[in-house]
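*Asks:* need a structure here:
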Amino acid sequence: MPLYFDGELDRATSREFEAHLDECADCRTTLIELDTLRSSLRKDAPRYSAPEALRSRIREEAAASSARQSSRWQRPRLALAASWVIAFIAGGTTLAVWNHASTAGQEQSRLTRDLFSSHWRALAAASPIDVVSTDQHTVKPWFAGKIATAPVVRDFSTQGYALIGGRIDYVGTDRVPVLVYRHGKHVIDVFVLPATAVHGSDGPVQLQGYVLEGTMLGGQPAAIVSDMDQAELTQFRDLLDTSSRSDNTLGDR
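*Replies:* Take a look at the predicted model:
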């Protein structure tokens, strides 16, 4: 269980474990509990920053050190002390920028992990679907009242990517709509994300035999998660993109 949860199993072994999950309610419950615990730790873990008192103490010590020197060395020492302070402040600015970038990276990483976890949790459940339907006109209204904005829903069964339903899932603390498709034996989740979501990597992300790729759907950021190969995923993403552009064109008329 821990190896699967941490993404350390190869694809074949993961499939064997997922087949076991289909028949073992206890393991499915444990997997969900582990995911809930990890999300809670990420959200509630304390964060610390260096105190402002540290800067003040360095300035004071630098000034005191300079004052103790002879007049011959006073200016060079003061200049050196000033350079220390400037370097420290500049370093603090650099650290703040780095921390901002690091925080953004952490948000991206957290979103990626949440999307993979939500997909795996759904596969481990009795069904990855809350509303079972191949009719886009049934799936879209089902979301109404359950989330703020119902997603754009399209069926691509004639191209080999059939709509089979949808569900409400959690990504972090956000309730998001998920459109579920099937391509051969592959289940495809399309997470329609909040407008403020951090996309993460510019390209596809692979983990434990599954692929995640960002796209847009009806003007909203979205993420596709499946175990299809890259060519199949790209074809499906292009279908979504073409559909989204068509909807935008019709909306402009």
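*Asks:* only C-alpha atoms for contact and neighbour calcs from this point on.
*Replies:* OK.
*Asks:* least trustworthy helix or strand in this structure by mean pLDDT?
*Replies:* Counting by mean pLDDT, DSSP states H and E, the chain has its least confident helix or strand at helix 71-124, which shows a mean of 58.
*Asks:* Could you give the bridge partners of Gln220?
*Replies:* As for beta bridges, Gln220 partners with Leu217 under DSSP bridges.
*Asks:* That one contacts Ala195, doesn't it?
*Replies:* Yes: under the criterion of C-alpha atoms under 8 Å, Gln220 makes contact with Ala195 at 6.1 Å.
*Asks:* if we can go back for a sec, residues in contact with the helix or strand following the least confident helix or strand of the chain?
*Replies:* Of the helices and strands lying after helix 71-124 in sequence (DSSP states H and E), the nearest is strand 131-132. Residues from elsewhere that reach strand 131-132 (C-alpha atoms under 8 Å, 6 or more residues apart in numbering): 139, 142, 164-167.
*Asks:* May I ask which of the residues you listed has the most neighbours?
*Replies:* The residue in those with the most neighbours, by other C-alpha atoms under 10 Å, is Gly166 (27 neighbours).
*Asks:* Name the SS class of Ala150, please.
*Replies:* Of the three states, Ala150 takes coil under DSSP: H, G, I helix; E, B strand; the rest coil.
*Asks:* between the contacts of strand 131-132, which is nearest Ala53?
*Replies:* The shortest gap between Ala53 and any of the contacts of strand 131-132 belongs to Arg167, at 50.7 Å (C-alpha to C-alpha).
*Asks:* contacting residues around Lys140?
*Replies:* Going by C-alpha under 8 Å, 6+ apart, Lys140 touches 150-153.
*Asks:* re earlier: let me have the contacts of strand 131-132 in TSV, extended by secondary structure.
*Replies:* Shown next, in TSV, are the contacts of strand 131-132 (three-state DSSP):
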residue	secondary structure
Val139	helix
Trp142	helix
Ile164	strand
Gly165	strand
Gly166	strand
Arg167	strand
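*Asks:* Can you tell me which of those lies closest to Phe116?
*Replies:* For those, the nearest to Phe116 is Arg167 (15.5 Å; C-alpha to C-alpha).
*Asks:* Could you report the distance from Thr30 to Ala124?
*Replies:* 11 Å (C-alpha to C-alpha, to the nearest Å).
*Asks:* out of those two, which sits in the busier spot?
*Replies:* Ala124 (24 against 12).
*Asks:* separation between the nearest residue to Val171 once chain neighbours are set aside and Gly172?
*Replies:* Leaving aside its chain neighbours, Val171 sits nearest to Asp114 (5.6 Å; criterion: C-alpha to C-alpha, 6 or more residues apart in numbering). Asp114 sits 6 Å away from Gly172, going by C-alpha to C-alpha.
*Asks:* And for Thr134?
*Replies:* Thr134 is 28 Å from Gly172, by C-alpha to C-alpha.
*Asks:* Could you check how far Gly184 is from Gln159?
*Replies:* For Gly184, the distance to Gln159 equals 12 Å [C-alpha to C-alpha].
*Asks:* Repeat that for Glu61.
*Replies:* Remark: distance between Glu61 and Gln159 (C-alpha to C-alpha) = 72 Å.
*Asks:* what do you get for Leu31?
*Replies:* Using C-alpha to C-alpha, Leu31 is found at 34 Å from Gln159.
*Asks:* what residue ranges in this structure are flagged as low confidence?
*Replies:* Of all residues in the chain, those with pLDDT under 70 make up the ranges 1-12, 14-15, 18, 21-22, 35, 38-50, 65-108, 197-202, 244-253.
*Asks:* try 50 this time
*Replies:* Within the chain, the stretches with pLDDT under 50 are 70, 73, 78, 80-81, 84-105, 249-253.
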